[in-house]
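In: Quick one, fold the following:
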Amino acid sequence: MRNPLSETIVKIPPSGIRKFFDIVSEMKDAISLGVGEPDFDTPWHIREEGIYSLERGRTFYTSNAGLKELKREIGHYQKRKYGVMYDYTDEIMVTVGGSEAIDIALRAMINPGRGEEVLIPQPSYVSYVPCTILAGGVPVVIELEAKDEFRLTPEKLLEKLTPNTKILVLPFPNNPTGAIMEKEDLEAIAEIIMEKDLFVISDEIYGELTYKGRHTTIASIPGMRERTVLINGFSKAFAMTGWRLGYACAPEPILTQMLKIHQFAIMCAPTTSQYAGIEALKNSDEDVEKMREAYDQRRRYLMHAFREMGLECFEPYGAFYTFPSIKRFGMTSDEFATRLLQEEKVAVVPGTAFGDCGEGYLRISYAYSLDSLKEALGRIERFIKRLDSDEHCTV
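Out: From the prediction side, this is the model:
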């Protein structure tokens, strides 16, 4: 019998994030600090709107691009929050989470077989490289460094440019590092993008979760709107992960082609979720601010705890992750995370799950209650003290 499998798919490794979660689920008294999911319930008024839509019998397909009312609110939201305006009729589409938007943006823009390159700063979300490969593009990794606060610098970008470079993925605020790009950082990058005639896929799913001023989208910089696919969604800021609702804002020529892929593969985003999304955008500013303040409190607690236990970590100002260095212990990230789970029943994600340059780091999420964080950090401190003691004993 002939091989039924795609060689391309077989060669793509599974996500490195899930490994430890499966183990944790079987362990009693284990604490996971690995999941990138808000621990808050979706605000009740948003849930009510979803429930009401079902009670009203709104259970049919919407248009492929999404409910007109939702697209209009997305446009208002982007203008109100980030100062960039999109026409809801042909520059906004609703997707099944932000992840779908990433996939179809790449597929709509890449010509397979032509060697078109997609620049992907790492450490970063696990989907960018495999989605580039699936779209027929060539992923080119830009390795970011702690000395730059894991920001993308013009120097780093210029080093990787070739005549085949077409797209830059801009993943800020960043998962897993928590790094942000401020306006002046983006302006420096934008000059190069326009000079070299590149396009940007800007993943801004954590845009509301910033702790150092307001998030800036690169699409708001003069000359960049027509070169940018802006991706966002409801999962993180509105605690709506299970609702699977995201969106893309882009120039009409790009969005029209993205919509074709979405139309044939998906049809439309969940109708109930779309009605809930309208309510989220209209009336959730206070809810988002309360969650942001809680995350910030946890972020500051973790940074203090790391300093107390001698764990080096640059200060993150976005998302809900920290990215401490464990290089001084002489173990790989996977070895450290495995031992921590086995010996102290605390699950974290090895930095290598987000790219090879994540070696020597861990992703620790603070999307958990302070009580859970305190218990987990106590166990981590105990583990580190034991490692330091073992090292001294062998000297």
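
In: for the stretch 1-150 of the chain, what are the low-confidence residue spans?
Out: Residue ranges of the stretch 1-150 of the chain with pLDDT under 70: 18-22, 25.

In: which residues in it form helices?
Out: Applying DSSP state H, counting those that start in this stretch to the stretch 1-150 of the chain gives helices spanning 7-11, 19-24, 44-55, 68-82, 97-109, 128-134.

In: just those helices: most buried one?
Out: Mean neighbours per residue, mean count of other CB atoms under 10 Å, is largest over those for helix 97-109, with a mean of 24. For the C-beta atoms, the positions are set from N, CA and C on the backbone; glycine is no exception.

In: how distant is that helix from the center of its chain?
Out: Centre-to-centre, helix 97-109 and its host chain are 13 Å apart (CA atoms, centre = their mean, to the nearest Å).

In: And the helices of the stretch 1-150 of the chain: which comes nearest residue 180?
Out: Ranking these by proximity to residue 180 (CB to CB) places helix 68-82 first, at 13.9 Å.

In: Against which helices or strands is that closest one packed?
Out: strand 92-95, strand 246-249, helix 271-283 (3 or more CB pairs under 8 Å, 6 or more residues apart in numbering; DSSP states H and E).

In: Give me the contact list for stretch 57-70.
Out: With contacts defined as CB atoms under 8 Å, 6 or more residues apart in numbering, stretch 57-70 is touched by 71, 88, 92-94, 247, 259, 262-263, 267-269, 271-272, 274-275, 277-278, 281.

In: Which positions within it qualify as buried?
Out: By neighbour count on 16 or more other CB atoms under 10 Å, the buried set for stretch 57-70 is 62, 64, 65, 66, 67, 69, 70.

In: Would you mark the buried spots in stretch 327-343?
Out: 329, 332, 333, 334, 336, 337, 338, 340, 341.

In: I figured the second one hits residue 358, correct?
Out: Yep, that's residue 332 we're talking about. No: between residue 332 and residue 358 there is no contact under CB atoms under 8 Å: 10.7 Å.

In: ok, back up a step: how about the helices of the stretch 1-150 of the chain in JSON lines, adding distance to residue 312?
Out: Formatted as JSON lines, these follow (distance: least, CB to CB, whole Å):
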{"stretch": "helix 7-11", "distance to residue 312": "35"}
{"stretch": "helix 19-24", "distance to residue 312": "22"}
{"stretch": "helix 44-55", "distance to residue 312": "39"}
{"stretch": "helix 68-82", "distance to residue 312": "33"}
{"stretch": "helix 97-109", "distance to residue 312": "31"}
{"stretch": "helix 128-134", "distance to residue 312": "27"}
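
In: who wins for proximity to residue 216 among the ones you listed?
Out: helix 68-82 (7.2 Å).

In: Can I get the helices and strands packed on helix 68-82 in a markdown table including mean neighbour count and distance to residue 346?
Out: Putting those into a markdown table (neighbours: other CB atoms under 10 Å; distance: least, CB to CB, whole Å) gives the following:
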| stretch | mean neighbour count | distance to residue 346 |
| --- | --- | --- |
| strand 92-95 | 26 | 34 |
| strand 246-249 | 28 | 31 |
| helix 271-283 | 22 | 33 |
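
In: Ok, which of the ones you listed comes nearest residue 36?
Out: Taking those one by one with CB to CB, strand 246-249 is closest: 14.6 Å.

In: partners of that closest one, with directions?
Out: Sheet pairing of strand 246-249 (DSSP bridges) gives strand 92-95 (antiparallel), strand 228-233 (antiparallel).

In: one step back: how about the helices and strands packed on helix 68-82 in CSV, adding distance to residue 37?
Out: CSV is the format used below for those (distance: least, CB to CB, whole Å):
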stretch, distance to residue 37
strand 92-95, 18
strand 246-249, 15
helix 271-283, 16
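
In: got the residue ranges for the strands in the stretch 251-395 of the chain?
Out: Using DSSP state E, counting those that start in this stretch, the strands found in the stretch 251-395 of the chain span residues 321-322, 346-347, 349-350, 362-365.

In: Quick check: which helices or strands does the first one pack against?
Out: When contacts are defined as 3+ CB pairs under 8 Å, 6+ apart, strand 321-322 sits against helix 285-309, strand 362-365.

In: In the longest one, which residues are buried?
Out: This points to helix 285-309. For helix 285-309, by 16+ other CB under 10 Å, it's 287-288, 291-292, 294-296, 298-299, 302-303, 305-306, 309.

In: Report the separation between the residue nearest to residue 31 when sequence neighbours are not counted and residue 24.
Out: Of all residues not flanking residue 31 in the chain, residue 376 sits nearest, at 4.6 Å (CB to CB, 6 or more residues apart in numbering). For residue 376, the distance to residue 24 equals 12 Å [CB to CB, to the nearest Å].
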